[in-house]
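1. model the structure of this input:
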Amino acid sequence: MAVKQSRLQRVFGVGPFGSVLSIGLLFTAVLLAWTTPGGWMGISEDTKVVALNVGVAGAVVLVWWSIRTLRPSERGQVLCTAGPFRYVRHPLYASFLSWFDFGFAIYLGHWAFVAWAIALHPVWHWVIRKEERVMEDQFGQAWRDYAAGTGRFFPRILPAAIYRDRS
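-> Below is the predicted model:
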């Protein structure tokens with residue numbers, strides 16, 4: 001049964017819900033950093049600024065490339081497999097999970113924030129399942145074939161056959 005979606009749901013997907021969870025985890029990391037003073041990384045301010053700039057630049061480039069490839073008005077209506085979508089199924093989410101969050105975590109300079117950035121991945125893998133079910137309902141076998149050959153947030157390095165269920 002196909003899931004009925006509003007225009008806003010098509011454009012934003014699970015992003016708002018995942019963002020709320022991410023911010024909640026960030027507050028948890030802040031509390032952990034305050035209560036564990038020995039967790040500061042001791043890296044220079046220059047290194048922190050470089051990490052933040054690299055994270056922001058990587059995220060901006062990936063967001064820009066994603067929007068140029070799949071316009072917001074087309075989201076949820078076409079199965080895009082070009083541009084960054086050729087490598088990952090969710091490049092907009094990946095821009096934050098793989099670029100911005102790690103740059104920000106290094107900039108903040110405490111291991112709690114690095115743990116936060118790492119913890120976001122399983123959380124978002126869980127959150128994204130609903131969006132992927134919608135895509136599978138809408139695009140069927142084409143989506144399943146596409147998903148088998150691409151990673152959610154990181155490009156697949158090994159052949160798709162390795163990832164398939166062997167049951």
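2. what's around Ser73, how many residues?
-> 10 (other CB atoms under 10 Å). For the C-beta atoms, the positions are set from N, CA and C on the backbone; glycine is no exception.
3. can you check Arg129 too?
-> Arg129: 12 surrounding residues under other CB under 10 Å.
4. in contact with it, which residues?
-> By CB atoms under 8 Å, 6 or more residues apart in numbering, the contact list for Arg129 is empty.
5. that one is in what secondary structure piece?
-> If you go by DSSP states H and E, Arg129 is part of helix 111-139.
6. now the helix or strand just after that helix, how far from the centre of its chain.
-> Going down the chain from helix 111-139, the next helix or strand is helix 141-149, by DSSP H and E. Here helix 141-149 is found 19 Å from its chain centre; the criterion is CA atoms, centre = their mean, to the nearest Å.
7. quick one: mean pLDDT for helix 141-149?
-> Mean pLDDT, helix 141-149: 94.
8. that helix vs helix 111-139, what angle?
-> Relative orientation of helix 141-149 and helix 111-139, computed by axes from the mean of the first three to the mean of the last three CA atoms, to 10 degrees: 150 degrees.
9. now Thr47: closest residue in space, sequence neighbours ignored.
-> Closest residue to Thr47 apart from its sequence neighbours, by CB to CB, 6 or more residues apart in numbering: Ile106 at 7.5 Å.
10. ditto for Ser66
-> Pro91 (4.4 Å).
11. ok, now how distant is Trp64 from Leu92?
-> 11 Å (CB to CB, to the nearest Å).
12. more neighbours, these two?
-> Shown here are Trp64 and Leu92; by other CB under 10 Å, Leu92 has more neighbours (22 against 12).
13. tell me the phi and psi of Gly151?
-> Here is the backbone geometry of Gly151 (degrees, to the nearest 10): phi -90, psi 160.
14. show me what it is bridged to.
-> For Gly151, the beta-bridge partners under DSSP bridges are Val88.
15. which residues touch it?
-> Per CB under 8 Å, 6+ apart, neighbours of Gly151: Tyr87, Val88, Arg89.
16. which of these count as buried?
-> For the contacts of Gly151, a neighbour count by 16 or more other CB atoms under 10 Å gives the buried set as Val88, Arg89.
17. between the contacts of Gly151, which is closest to Leu26?
-> Nearest to Leu26 among those: Val88, at 22.9 Å, using CB to CB.
18. surely that closest one and Tyr146 touch.
-> No - if you go by CB atoms under 8 Å, Val88 and Tyr146 don't touch, sitting 11.0 Å apart.
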